[in-house]
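# below are the sequence and a predicted model for it; my questions follow.
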Amino acid sequence: MNVNEYAEKVIDNFIYEITDHIFLSIEQNSSIMREYMTNVNRYGLDTLNMAIGSKIKEKLALENVGENNEPKSCLIKSYTYHKIK
């Protein structure tokens with residue numbers, strides 16, 4: 001594997017689990033976490049999480065390729081795997 005193939009593999013793996021990474025970043029940023037909790041109270045957990053998941057797919061033009069029911073983030077119960085279209 002050459003350096004470019006390795007770099008592509010690393011990026012593809014990150015994108016594959018991008019939803020979990022985003023929710024982990026919410027957990028690690030105290031101001032965004034406060035806003036998240038405010039929006040959970042306003043819109044409901046499932047509605048907010050689905051909106052975030054849909055926005056990830058839309059903004060990054062990703063394709064759904066599977067489901068993970070064991071996320072690292074404690075904010076979600078499951079998430080969709082993605083790949084670049």
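Great, that's in hand.

# just for this structure, where's the confidence low?
Scanning the chain for pLDDT under 70 picks out nothing.

# now do the strands in it.
According to DSSP state E, the chain carries its strands in the segments 62-68, 79-84.

# most tightly surrounded among the ones you listed?
strand 79-84 (a mean of 18; mean count of other CB atoms under 10 Å). C-betas here are computed from N, CA, C, even on glycine.

# that one pairs with which strands?
strand 62-68 (antiparallel) (DSSP bridges).

# can you list the strands of the chain in TSV and add distance to Gly44?
Putting these into TSV (distance: least, CB to CB, whole Å) gives the following:
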stretch	distance to Gly44
strand 62-68	21
strand 79-84	17
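
# now what about the lengthiest helix in the chain, what contacts it?
Ordering each helix of the chain by length in residues (DSSP state H) puts helix 45-60 first. Outside helix 45-60, the residues that touch it by CB atoms under 8 Å, 6 or more residues apart in numbering are 15, 18-19, 22-23, 36, 39-40, 43, 62, 64, 75-76, 79-80, 82, 84.

# same question, stretch 71-79
17, 19-20, 23-24, 26-27, 36, 49, 53, 67-69.

# next up, the contacts around the residue nearest the centre of the chain.
Centroid-nearest residue in the chain, with CA atoms, centre = their mean: Thr19, separated by 1.0 Å. With CB under 8 Å, 6+ apart as the criterion, the residues that contact Thr19 are Ile52, Gly53, Ile56, Pro71, Ile76, Tyr79, Thr80, His82.

# please report how far the last one lies from Arg42.
Spelled out, that is His82. Separation of His82 from Arg42 (CB to CB, to the nearest Å): 27 Å.
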